[in-house]
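Participant: I'll drop the sequence and a predicted model, then ask my questions.
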Amino acid sequence: MKKVKIKSPANIAFIKYWGQRDKKLFLPFNDSFSMNLSSCYTILEIEKKEDPKIQKLYVKDYEKDNFEIKTDDSFKKVLTFYHQAKKFLKVKKDYGFVIYSYNSFPKKAGIASSASFFSALALGFSWLFEKKLDKKNLSILSRLSGSGSSCRSIPDGFSWWYKGKKSSDSYAISIAPPSYWDLVDLVLILNKKEKKVSSLEGHIMAETSGLFKYRLLSLEKRLKEIKKAFFKKDFTYFGNLLEEETISMHSVMMTQKPPLFYWSGKTVEVIKKIIEQRKKGLEGYFTIDAGENIHLICQKKDEEKFLNFLKKQKEVLQIIKNYPTYGTKFI
Ligand code: PMV
């Protein structure tokens, strides 16, 4: 086979990864927990070339008609990962490759586009180097891409990333299949523009926040509690922890040096509206990754009511409906 096609989802973190205790191996300070998203994914096609000099990346962005060749930073990251993968897989021989990648959603907007892309590429490179990895090792390889959270897109459904003691035990596993809980993630697009500071740059400065060590202390309890809430399917308990966690991570971001404000005025307006709806009996909770856009988490039974409400809000440009889904796979 000279060519394969891979599909990999983005994921939304319920408990987040922010800051790296090892900046070369992308080892996190804490465990994190996420859900794979059904409508936010990367489709990646990789073709093998015997001539190692042929190394090309074509990307078709969201709402674009054509693939564009990349020679910028995104291509450099792919090359760096190619060498990481070669080392990890203990391969001597070089191969050429041509990659076509398409994203079903806006990139660099807090919807984990690097997670879906690099998890797909981890599977792509393991195929290129003719190594069949189990999910654990694929998750480790994906983490080494630099997008640490991509390791959580590899397993199915709901993923738990163990921080581990060393590189070989820092990986994600599935703690429940997609069918386990009918949660819905309504991604509320408030701004389609790309963020100015990537999470890769942001992670590096996390420890400069005076709040960072308190966040780590509070996480020990929150991690235990969220697992409990999840396995009891106690949505109220779960949702409150989600919001607490979001505010905790963004407080660190805003107090690190230099400060990082991913939220905009629109983000705050929509947060207030979600809280207001909850008081009126419509139960949903917000969570936000490294971007301005909001993920509204609700139960399937309330999806339509939320859609009706959110469609009318002036801040919301678009809504992407997501359900829990499978991890990285060949298609
Ligand atoms: O994996 P990275 O380097 O793209 O960082 C992801 C960081 C957050 O999205 C903010 C949190 C997370 O755990 O997904």
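Facilitator: In hand now; what should we look at?

Participant: how does the chain divide into domains?
Facilitator: Domains of the chain are assigned by automatic domain parsing as 3-179, 182-322.

Participant: So which residues of the stretch 51-200 of the chain form strands?
Facilitator: Assigned by DSSP state E, counting those that start in this stretch, the stretch 51-200 of the chain shows strands spanning 55-60, 68-69, 96-103, 158-161, 172-176, 183-189.

Participant: now the third one: how far from the chain's centre is it?
Facilitator: Meaning strand 96-103. Computed by C-alpha atoms, centre = their mean, to the nearest Å, the chain-centroid distance of strand 96-103 equals 20 Å.

Participant: And for that strand, what's in contact with it?
Facilitator: 41-62, 67, 78, 82, 113, 116-117, 120-121, 124, 128 (C-beta atoms under 8 Å, 6 or more residues apart in numbering). For every residue, glycine as well, the C-beta is placed using N, CA and C.

Participant: Which residue comes closest to residue 42 once chain neighbours are left out?
Facilitator: Closest residue in space to residue 42, ignoring its immediate chain neighbours: residue 116 at 4.0 Å, by C-beta to C-beta, 6 or more residues apart in numbering.

Participant: correction: residue 68
Facilitator: residue 59 (6.0 Å).

Participant: quick revisit: save the domains of the chain as JSON lines, and put in mean neighbour count, distance to the ligand and mean pLDDT too.
Facilitator: Shown next, in JSON lines, are these (neighbours: other C-beta atoms under 10 Å; distance: least, C-beta to the nearest ligand atom, whole Å; pLDDT from 0 to 100):
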{"stretch": "domain 3-179", "mean neighbour count": "20", "distance to the ligand": "3", "mean pLDDT": "95"}
{"stretch": "domain 182-322", "mean neighbour count": "17", "distance to the ligand": "4", "mean pLDDT": "96"}
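
Participant: Among those domains, single out whichever gets nearest to residue 331.
Facilitator: domain 3-179 (4.8 Å; C-beta to C-beta).

Participant: Take the strands of the stretch 51-200 of the chain and write them to CSV, including distance to residue 16.
Facilitator: Shown next, in CSV, are the strands of the stretch 51-200 of the chain (distance: least, C-beta to C-beta, whole Å):
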stretch, distance to residue 16
strand 55-60, 26
strand 68-69, 31
strand 96-103, 22
strand 158-161, 10
strand 172-176, 14
strand 183-189, 15
